[in-house]
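> Quick one, what's the 3D model for this:
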Amino acid sequence: MKKLFFALVALLCLTACSPNRQVPKGTRDVPFEIAHGYFFRNGQPLPSDAKITSEDTFRQLFGMAAVMGKDGMPTVIDFSKQFVIALVMPVTDTLTEIEPQSLRQEDGALVYTYEVHMGDKQTWSMQPVSIIVVDNQYVQLPLRLVSLMGL
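You can find the predicted model right below:
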């Protein structure tokens, strides 16, 4: 009986300590796929708009980087049915990763939340890139980016 009581108290404490996140009315998750196997082309200016809706623009900015092994081919993107949200950071010698957190339709806008994780200094440079693929049914919505800084 004591074990059951302590388990209930522990569950109650965990529930009380968890953040109370209420989702505003009219908000819904938007499905997306993380694209792999692309790199930002040298010499291209950083995109002024993260939303890329044409294959020509995408190919000007990004190249394919196939690797050996299972899932080594770049993600297939069909621009007749999809668009991408591409985040590109400046070249850095600090290990940096952009991790998608959520994509939501909220107040008539597409809200993309991502987290930037920064690690140790490296002996080489990199250009952090994150690309997600989204269905064209959301292409007309204005895009709002929300950046979270990770550890």
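> and Phe32, what does it touch?
Counting by CB atoms under 8 Å, 6 or more residues apart in numbering, Phe32 touches 85, 100, 103, 132-134. Any C-beta I mention is one placed from the backbone N, CA and C, and that applies to glycine too.
> For beta bridges, what are the partners of Arg28?
Assessed by DSSP bridges, Arg28 has beta-bridge partners Gln105.
> distance of it from Leu141?
12 Å (CB to CB, to the nearest Å).
> These two: which has the busier surroundings?
Remark: of Arg28 and Leu141, Leu141 carries more neighbours, 16 against 8, as counted by other CB atoms under 10 Å.
> any idea which residue sits dead centre in the chain?
Pro100 (2.5 Å; CA atoms, centre = their mean).
> CA-only coordinates of the host helix or strand of Asp93, as PDB, when you get a sec.
Using DSSP states H and E, Asp93 maps to strand 92-106. Taking Å, rounded to 0.1, in the frame of the first residue of the first chain, the C-alpha atoms of strand 92-106 are listed here in PDB:
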ATOM      1  CA  THR A  92      31.800  28.700 -38.800                       C
ATOM      2  CA  ASP A  93      34.500  26.700 -37.100                       C
ATOM      3  CA  THR A  94      32.200  25.800 -34.200                       C
ATOM      4  CA  LEU A  95      30.300  22.500 -34.500                       C
ATOM      5  CA  THR A  96      26.700  23.700 -35.100                       C
ATOM      6  CA  GLU A  97      23.500  21.800 -35.700                       C
ATOM      7  CA  ILE A  98      20.100  23.100 -36.600                       C
ATOM      8  CA  GLU A  99      17.400  20.800 -35.200                       C
ATOM      9  CA  PRO A 100      13.700  21.200 -36.300                       C
ATOM     10  CA  GLN A 101      11.400  21.300 -33.300                       C
ATOM     11  CA  SER A 102       7.900  21.900 -34.700                       C
ATOM     12  CA  LEU A 103       6.000  23.300 -37.600                       C
ATOM     13  CA  ARG A 104       2.500  24.700 -36.800                       C
ATOM     14  CA  GLN A 105      -0.200  26.600 -38.500                       C
ATOM     15  CA  GLU A 106      -1.000  29.400 -36.100                       C
END
